[in-house]
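**Student:** Take a look and give me a structure for this.
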Amino acid sequence: MKSERSEAPIPAGDAAPARESPAPGLYLVATPIGHARDITLRALDLLGGADLLAAEDTRTTRRLLEIHGLRREPRSILPYHDHNGAAQRPRLLAALAEGRSVALVSDAGTPLLADPGYRLAAEAIAAGHAVTAVPGASALLAGLAVAGLPTDRFLFAGFLPPRAAARRRALAELAAVPSTLVFYESPRRLAEALAAMAETLGAGRQASVSRELTKRFEETRRGRLGDLAAAYADSGPPKGEIVVVVGPPVAEAPEEAAVDAALLAALGRASLKDAVAEVADALGLPRREVYGRALALTRAR
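**Tutor:** As a prediction, the model looks like this:
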């Protein structure tokens, strides 16, 4: 997720006092997804004290350092992204082998979530180096928290493929997953993605679309996938990075014949009250609805 300048930046002030260098190892440091104050004290220690700072976008990282009054030698901030990762990893791994500390940051949020840090972390672990998470801001968790959808079980699906056919195949694989789904999406592809989700996952599934999380114009729209798809189809691309959260599949209601058969079997061995409770719990139906059907069956007998 790309970051933007905080709406309430902190003056840089004087250079920060010298920090003791962290223990050797790779540190995966979460940085704000929008508001610059959403950073931990531990993260600031690492940004200022690590021997090397590997950044997805060095300009974004230098701006964050400036906001928080941190000073580093330019040579101690190295670019590390999708296009140069293969060339930079040996240099960073060599620094780790020399007993140095390396802090990895993405443009915004938690490293390794939809950014290129995975291979560096995997190779550092394989080489026996310490790898430590420094948790903090995450667009994934922020979007999930404000969606108003079940959080007991969720699957992060990252970015969907940009091409329509590949996107439909990816969504078809996720359609039956019995959990909340979380996606990142670009503003210009949002309308197409929502339309594909409504078609493949089901237009009736509850969902939310969040943009500009933690920023001044933060917005979350909630509703059924079909309604959200229609709303964004009629408007231009929204501004800001997007998190889409889709609730779990809606269980289909059992057919009336199946409910009647279960009730008749239960009424043959239990009281009306107990039979209603048994069938309602077994089929996941409201007890009032099952009670009304049970009354109709007993009157017809």
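
**Student:** residue boundaries of the helices in the stretch 101-250 of the chain?
**Tutor:** 118-126, 139-147, 164-174, 190-201, 225-233 (DSSP state H, counting those that start in this stretch).

**Student:** Mind putting the ones you listed into JSON lines with mean neighbour count?
**Tutor:** C-betas here are computed from N, CA, C, even on glycine. Below are these laid out as JSON lines (neighbours: other C-beta atoms under 10 Å):
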{"stretch": "helix 118-126", "mean neighbour count": "15"}
{"stretch": "helix 139-147", "mean neighbour count": "21"}
{"stretch": "helix 164-174", "mean neighbour count": "14"}
{"stretch": "helix 190-201", "mean neighbour count": "21"}
{"stretch": "helix 225-233", "mean neighbour count": "19"}
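
**Student:** For these, give me a markdown table that also has mean pLDDT and distance to Ile77.
**Tutor:** Putting the helices of the stretch 101-250 of the chain into a markdown table (pLDDT from 0 to 100; distance: least, C-beta to C-beta, whole Å) gives the following:
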| stretch | mean pLDDT | distance to Ile77 |
| --- | --- | --- |
| helix 118-126 | 96 | 16 |
| helix 139-147 | 97 | 23 |
| helix 164-174 | 96 | 35 |
| helix 190-201 | 96 | 33 |
| helix 225-233 | 95 | 38 |
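
**Student:** can you tell which of those is closest to Ala275?
**Tutor:** The closest of those to Ala275 is helix 190-201. By C-beta to C-beta, the value is 35.8 Å.

**Student:** Pull the contacting residues for the closest residue to Thr200 other than its chain neighbours.
**Tutor:** Of all residues not flanking Thr200 in the chain, Leu171 sits nearest, at 4.0 Å (C-beta to C-beta, 6 or more residues apart in numbering). Shown in contact with Leu171 (C-beta atoms under 8 Å, 6 or more residues apart in numbering): 160, 196-197, 200-201.

**Student:** next one: Ala207
**Tutor:** The contact partners of Ala207, by C-beta under 8 Å, 6+ apart, come to 147, 149, 194, 197, 222-225, 228, 244-247.

**Student:** at 7 Å what do you get?
**Tutor:** Neighbouring residues of Ala207 by C-beta atoms under 7 Å, 6 or more residues apart in numbering: 223, 225, 228, 244-247.

**Student:** swap in Pro116?
**Tutor:** Pro116 neighbours (C-beta under 7 Å, 6+ apart): 56, 80-82, 85.

**Student:** Could you report the pLDDT at it?
**Tutor:** pLDDT for Pro116: 75.

**Student:** For Gly247, see how far away it is.
**Tutor:** 30 Å (C-beta to C-beta, to the nearest Å).

**Student:** next one: Ala130
**Tutor:** In terms of C-beta to C-beta, Ala130 sits 39 Å off from Gly247.

**Student:** got it, and Ala121?
**Tutor:** Distance from Ala121 to Gly247, by C-beta to C-beta: 31 Å.

**Student:** Sketch out the low-pLDDT regions of this structure for me.
**Tutor:** 1-20, 251-253, 301 (pLDDT under 70).

**Student:** returning to what we had before: from the contacts of Pro116, keep the buried residues only.
**Tutor:** Using 16 or more other C-beta atoms under 10 Å as the burial test, these include 56, 80-81, 85 as buried.

**Student:** returning to that earlier point: just among the contacts of Ala207, which is most surrounded?
**Tutor:** The most neighbours of any of the contacts of Ala207, using other C-beta atoms under 10 Å, belong to Val246, which has 29 neighbours.

**Student:** Does it touch Thr200 like I think?
**Tutor:** No: Val246 lies out of contact with Thr200 (C-beta atoms under 7 Å); the separation is 10.5 Å.
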